[in-house]
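In: Coordinates for the following, if possible.
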Amino acid sequence: MSKPKKEADVRFGKFGTVSFTTLTKVNDFIDHLENGKVMATHCKTCNTTFFPPRADCCHCLSSDMTWQEVSGNGKLVTYSRLKFAPMGFDGDLPYCIALLDYGDYRVFGRLDSALDDSEIRIGMPMTTVANRLPNGQLNYVFKKA
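Out: Numbering: from 1, shown residues only. Purely as a prediction, here's the structure:
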């Protein structure tokens, strides 16, 4: 007797303007975004935090990971306004990509499109928030704290 076929967990296909993968070991990231939380993973063995989330630690090779919310304020390290974009992102132009420093880890993403350029300052406090795109896809953006 054959085992029933297990369906693939393709939740990650809901992530981003254009989803480049549907299968990952951190599909719960999507459930957290749907619940309004941006989450990193934290290795219980060597105490390292990862964003984007990882299922396995690249330092100690442990899979003993836990979810940790990306909360509080990060500091804007750098940003760039894009005038050209890869295929699939051209409808979003122009937009800003940025890097926030949370101390133990850094988060790469987009600045909120509602943020005026005159308000952007390196070192400014920002938060990372879950976001639903007009097409129903999920992502996260950086907002002014």
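
In: which residues touch residue 38?
Out: Residue 38 makes contact with 32, 69-70, 107, 128-130, 140, according to CB atoms under 8 Å, 6 or more residues apart in numbering. Where you see a C-beta, it was placed from the backbone N, CA and C, and this is true even at glycine.

In: again, but for residue 60
Out: 43, 45-46, 48.

In: in the helix or strand harbouring residue 130, what's buried?
Out: Secondary structure from DSSP states H and E places residue 130 in strand 125-132. By 16 or more other CB atoms under 10 Å, the buried positions in strand 125-132 come out as 126-131.

In: Reformat the residues you listed as CSV; add distance to residue 75 and pLDDT.
Out: As requested, the buried residues of strand 125-132 are exported to CSV (distance: CB to CB, whole Å; pLDDT from 0 to 100):
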residue, distance to residue 75, pLDDT
126, 7, 98
127, 11, 98
128, 12, 98
129, 16, 98
130, 20, 97
131, 20, 95
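
In: Find the pair from those with maximum spatial separation.
Out: Within these, 126 and 130 form the most distant pair, 14.4 Å apart (CB to CB).

In: where does the protein have low pLDDT?
Out: 1, 18-20 (pLDDT under 70).

In: Would you map the helices across it?
Out: 28-34 (DSSP state H).

In: the strands in it, which residues?
Out: Remark: strands assigned in the chain by DSSP state E are 39-43, 49-50, 65-69, 74-82, 95-101, 106-111, 125-132, 138-144.

In: Listing partners with orientation, what would you give for the fifth one?
Out: Each strand pairing with strand 95-101, determined using DSSP bridges, is listed with its direction: strand 74-82 (antiparallel), strand 106-111 (antiparallel).

In: For the strand holding residue 130, list the C-alpha coordinates in PDB.
Out: Extracted in PDB, the C-alpha atoms of strand 125-132 (Å, rounded to 0.1, in the frame of the first residue of the first chain):
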ATOM      1  CA  PRO A 125      15.500  55.400  13.900                       C
ATOM      2  CA  MET A 126      13.200  53.200  11.900                       C
ATOM      3  CA  THR A 127      10.900  50.200  12.400                       C
ATOM      4  CA  THR A 128      10.300  47.200  10.300                       C
ATOM      5  CA  VAL A 129       6.600  46.400   9.700                       C
ATOM      6  CA  ALA A 130       4.700  43.800   7.800                       C
ATOM      7  CA  ASN A 131       3.000  45.100   4.700                       C
ATOM      8  CA  ARG A 132       0.400  43.700   2.300                       C
END
